[in-house]
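Asker: this one's sequence-less:
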């Protein structure tokens, strides 16, 4: 079985994986989750939050054990990709769950401006305030944008655990290290796509995973929060993708 290191996305923290972790552990995997800088219980001040700090936190987690399958949800795709560019030797494979999958020089904001991303309800509803800027979503906007396939109880659970999101990392591009470029490029990329996603629209997910050559790609007919709306299906998908032997790309 695999060692899994799981990275949350924007406006959230490690608690998003609470309904997924037990199933993955029951399948025999070891699971490690973390709060990115400035999120959850991590005390990093907002003015120190950056994509590099996100990557450093992920690399710190990776260093605590053998090479892992690194999983990122949503903006967590930016974090795991930057971490992989810095420490590919610590990673067996990358799994993106309804996540951003950038190329060199691309930021999250760059990706949201592509025509395939039209209809993104996060960018349409995010309120930005403060300096350094922090983005927030009103509860009802989050319910429609993120939890549109959840029951009311599931959406309430998710909304209660969401917070502000530092904006600066969203504008920072993926940077590759020349001496690790070959190892980074060789990492298997796998994808779980969500077909009723109002945040990273299905067409945008498809554009990214096809461009990156991600394989296999597994579909879940749900919203941007499969960890809430379809946790058993997400466990099954992650279990399938994590069991692919090292060195096999799809």
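Answerer: Received, thanks. What you are looking at is a predicted structure, and each value in this text was computed from that prediction instead of being measured. Numbering: from 1, shown residues only.

Asker: all helices for this protein, in order.
Answerer: 21-26, 51-62, 76-86, 108-112, 121-125, 139-145, 152-160, 181-186, 202-212, 226-229, 231-242 (DSSP state H).

Asker: want to throw the ones you listed into TSV with distance to residue 34, mean neighbour count and mean pLDDT?
Answerer: Backbone N, C-alpha and C define where each C-beta goes, glycine included. Formatted as TSV, those follow (distance: least, CB to CB, whole Å; neighbours: other CB atoms under 10 Å; pLDDT from 0 to 100):
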stretch	distance to residue 34	mean neighbour count	mean pLDDT
helix 21-26	12	16	98
helix 51-62	5	21	98
helix 76-86	10	27	98
helix 108-112	19	19	98
helix 121-125	22	17	93
helix 139-145	22	16	96
helix 152-160	19	15	97
helix 181-186	21	13	96
helix 202-212	23	18	98
helix 226-229	15	26	98
helix 231-242	17	20	98
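
Asker: would you list these in TSV and tack on distance to residue 194?
Answerer: Formatted as TSV, the helices of the chain follow (distance: least, CB to CB, whole Å):
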stretch	distance to residue 194
helix 21-26	18
helix 51-62	22
helix 76-86	13
helix 108-112	16
helix 121-125	13
helix 139-145	13
helix 152-160	14
helix 181-186	26
helix 202-212	7
helix 226-229	6
helix 231-242	9
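
Asker: Quick one: closest of the ones you listed to residue 100.
Answerer: Ranking the helices of the chain by distance to residue 100, with CB to CB as the measure, places helix 76-86 first at 4.0 Å.

Asker: and the closest one, what other elements does it pack with?
Answerer: strand 3-7, helix 51-62, strand 68-73, strand 91-97 (3 or more CB pairs under 8 Å, 6 or more residues apart in numbering; DSSP states H and E).

Asker: Tell me what angle it forms with strand 91-97.
Answerer: Helix 76-86 runs at 160 degrees relative to strand 91-97, counting by axes from the mean of the first three to the mean of the last three CA atoms, to 10 degrees.

Asker: what angle do helix 76-86 and helix 202-212 make?
Answerer: Using the same axes, to 10 degrees: helix 76-86 against helix 202-212 is 10 degrees.
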